[in-house]
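Asks: Take this sequence and fold it.
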Amino acid sequence: MAVGPVGRIDLKRVLQSKFVRDLPLVILGCAIAALAVDMFMVPKGLAAGGVTGLATILQELAHRAGFDLPVGLQTIVFNAILLLFVIRTGGARYAVQTVTGFVLFGFFTDLFAPFVIPLDSNDLMLPALWGGIISGIGYGLVFRCGVNTGGSDTIAQIISRKTSLPVGSTIMAIDVAVCAASAPVFSLENALYAALAMVVMGFVVDMVVDGADRRKAAYIISEKHDEIANDVLHGMDRGVTEISARGLWSGADRPMLMIILDRREVSILKTIVAEHDPGAIMFITDVAEAIGEGFKGLDV
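Replies: Down below sits the predicted model:
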């Protein structure tokens, strides 16, 4: 949050911030994810991990007991409680982004529920696949804007802080546990399809968040490094970084070139290296996101 010299909020800076500019996209993403939950997940008993999956289970148990327990309201209450345990770590900005995400998602989930017509299919494959795809698109749009909807991420942060377990592995364990817990309430078949929806959702989220920005990083060790760098700089119009390196076996100092490039340019780079030094060592890795000069700006 932007604060002025006397402790007041700088409204102009807040209104010009990336968070405010991206807010329409966040709203759209939350609405899409909520629509997928109402249309494919909840009516078919697919508790695909996280707080939403837990809320789906509790709603079914409440229904059997004779009262209604809205999924959206549950997610808002659960996430609000969980946020109290991690707000000191993330700060005010993290809290605002997280609250925005889970409140919008919970609001749209309960708003759409009475009006959405569930998919009329006895087969759970279609709801699982389309629920995963559409919700993945929605969550992906939200995450792409730097906002999150709480849930497993928040729980994992709490557990990781207490136990030093990796956050990523903890999120996966929580989601799997929720899917497994749904089996006695719905069925084993439902739990397995919920897990399938969760996997599809994760894949789609990754594609939406960084699919378009995914790059390659090439590292080249060659005696012809000057010639290769010159062709990359002037022929491919790509920047080259020279890193000092030394072979432990030979003891010889030999610069290593690092180049960030598009996937389509990998074959061109291979041709350049092969022309100058067929014996060069080159390895290529994936880069999820490239920020800075020549790529997209670091807009916060």
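Asks: rest of the way, CA atoms for contacts and neighbours
Replies: Noted.
Asks: SS state for the nearest residue to residue 165 once chain neighbours are set aside?
Replies: Nearest non-adjacent residue to residue 165, counting by C-alpha to C-alpha, 6 or more residues apart in numbering: residue 159, 7.2 Å away. When classified by DSSP: H, G, I helix; E, B strand; the rest coil, residue 159 comes out as helix.
Asks: count of neighbours near residue 159?
Replies: 15 (other C-alpha atoms under 10 Å).
Asks: Same question for residue 234.
Replies: By other C-alpha under 10 Å, 10 other residues sit near residue 234.
Asks: ok, now which ones touch it?
Replies: Taking C-alpha atoms under 8 Å, 6 or more residues apart in numbering, we find residue 234 in contact with no residue.
Asks: Name the secondary structure element that contains it.
Replies: helix 225-235 (DSSP states H and E).
Asks: what distance separates that helix from the middle of the whole chain?
Replies: Relative to the chain's own centre, helix 225-235 is displaced by 36 Å; criterion: C-alpha atoms, centre = their mean, to the nearest Å.
Asks: Show me which residues of that helix are buried.
Replies: For helix 225-235, a neighbour-count test (16 or more other C-alpha atoms under 10 Å) marks 225, 227, 228, 229, 231, 232 as buried.
Asks: Dump it to PDB, keeping only the CA atoms.
Replies: Provided in PDB are the C-alpha atoms of helix 225-235 (Å, rounded to 0.1, in the frame of the first residue of the first chain):
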ATOM      1  CA  HIS A 225      32.700 -18.000 -27.600                       C
ATOM      2  CA  ASP A 226      33.500 -14.700 -29.100                       C
ATOM      3  CA  GLU A 227      32.300 -15.700 -32.600                       C
ATOM      4  CA  ILE A 228      29.200 -17.400 -31.200                       C
ATOM      5  CA  ALA A 229      28.400 -14.300 -29.000                       C
ATOM      6  CA  ASN A 230      28.900 -12.000 -32.000                       C
ATOM      7  CA  ASP A 231      26.400 -14.000 -34.200                       C
ATOM      8  CA  VAL A 232      23.800 -14.100 -31.400                       C
ATOM      9  CA  LEU A 233      24.100 -10.400 -30.700                       C
ATOM     10  CA  HIS A 234      24.000  -9.200 -34.200                       C
ATOM     11  CA  GLY A 235      22.300 -12.100 -36.000                       C
END
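Asks: And the average pLDDT for it is what?
Replies: Helix 225-235 carries an average pLDDT of 86.
Asks: Next: stretch 111-125.
Replies: For stretch 111-125, mean pLDDT rounds to 86.
Asks: ok, and for it, which residues are buried?
Replies: Buried residues in stretch 111-125, counted by 16+ other C-alpha under 10 Å: 111, 112, 113, 118, 119, 124.
Asks: before we move on, what about stretch 265-285?
Replies: By 16+ other C-alpha under 10 Å, the buried positions in stretch 265-285 come out as 266, 269, 272, 273, 276, 277.
Asks: With secondary structure, pLDDT and distance to residue 287 added, can I get those in JSON lines?
Replies: Listed next are these as JSON lines, based on DSSP: H, G, I helix; E, B strand; the rest coil; pLDDT from 0 to 100; distance: C-alpha to C-alpha, whole Å:
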{"residue": "266", "secondary structure": "helix", "pLDDT": "84", "distance to residue 287": "13"}
{"residue": "269", "secondary structure": "helix", "pLDDT": "87", "distance to residue 287": "16"}
{"residue": "272", "secondary structure": "helix", "pLDDT": "86", "distance to residue 287": "21"}
{"residue": "273", "secondary structure": "helix", "pLDDT": "88", "distance to residue 287": "20"}
{"residue": "276", "secondary structure": "helix", "pLDDT": "88", "distance to residue 287": "26"}
{"residue": "277", "secondary structure": "coil", "pLDDT": "89", "distance to residue 287": "25"}
